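1. Here is my input, please return the structure:
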Amino acid sequence: MPFTLSAPRHSELVIRKSRFIGCVRAVEDRAAAQAEVDALRRAHPGAAHVCWALMAGGQSAANDDGEPGGTAGRPMLEVLRHHELEGVLATVVRYFGGVKLGAGGLARAYTDSIASALADAERVPLLRQRRLHAAVPYALEGLLRRELAAAGATIAQVRHDSLVHFEFSLPEPAAAAFIAALDDAAQGRVAWLPA
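-> Residues are numbered from 1 along each chain as shown. Model (predicted):
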């Protein structure tokens, strides 16, 4: 079962005069991850490297940002895999201290930075969400609102036209049963539209 993080976690290590600032946080997708990396670059203009690893949406990515190939991003990615994390970005900002660490030393430093950040992190089970769009007559708005609340759905938008349109998300395992129960309760008067 994949997990995500309940809150961002940080670490800071100094290894042979180089400073490694690690952070692990939940992200939605690669675009959100890239925005976080860009923000780190702006926040740390004097840093030698801003390396990162991402596990999101079943995709993985790693970036060594100028460190020797395979010494930063890939070791960080392996730590995320080891902890079964999904939808998570790991970053390490490195301030070079003047002493070269070698390939093995770099891999250990980046691995330890992320492992330290995750040491006391709270992992929460990741439930995939399914976005749905339902349109109902005004007379069924109250019913749909009650059913959504009971199911723990997250409402993204409600629009009132000739029908009341609800865009919402539910945990994937509960979506099919919710659709069937709502169709039954509304006697087939729910229009399911592409989300």
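2. Work out the gap between the host helix or strand of Ala61 and the centre of the chain.
-> For Ala61, the host element (DSSP states H and E) is strand 59-63. Chain-centre distance of strand 59-63: 13 Å, with C-alpha atoms, centre = their mean, to the nearest Å.
3. Which other helices and strands does it contact?
-> Counting contacts by 3 or more C-beta pairs under 8 Å, 6 or more residues apart in numbering; DSSP states H and E, strand 59-63 is packed against helix 30-43, strand 49-56, helix 73-82. All C-beta spots, glycine's among them, are computed from the backbone N, C-alpha and C.
4. Neighbours of Thr111, how many?
-> Thr111: 20 surrounding residues under other C-beta atoms under 10 Å.
5. Let me have the helices and strands packed on strand 59-63 in JSON lines, extended by mean neighbour count, mean pLDDT and distance to Gly142.
-> Below are those laid out as JSON lines (neighbours: other C-beta atoms under 10 Å; pLDDT from 0 to 100; distance: least, C-beta to C-beta, whole Å):
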{"stretch": "helix 30-43", "mean neighbour count": "14", "mean pLDDT": "94", "distance to Gly142": "35"}
{"stretch": "strand 49-56", "mean neighbour count": "24", "mean pLDDT": "95", "distance to Gly142": "37"}
{"stretch": "helix 73-82", "mean neighbour count": "20", "mean pLDDT": "95", "distance to Gly142": "44"}
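6. Would you convert those into JSON lines that also reports distance to Leu132?
-> Formatted as JSON lines, the helices and strands packed on strand 59-63 follow (distance: least, C-beta to C-beta, whole Å):
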{"stretch": "helix 30-43", "distance to Leu132": "22"}
{"stretch": "strand 49-56", "distance to Leu132": "22"}
{"stretch": "helix 73-82", "distance to Leu132": "30"}
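7. Tell me which of those sits nearest to Leu193.
-> helix 30-43 (25.3 Å; C-beta to C-beta).
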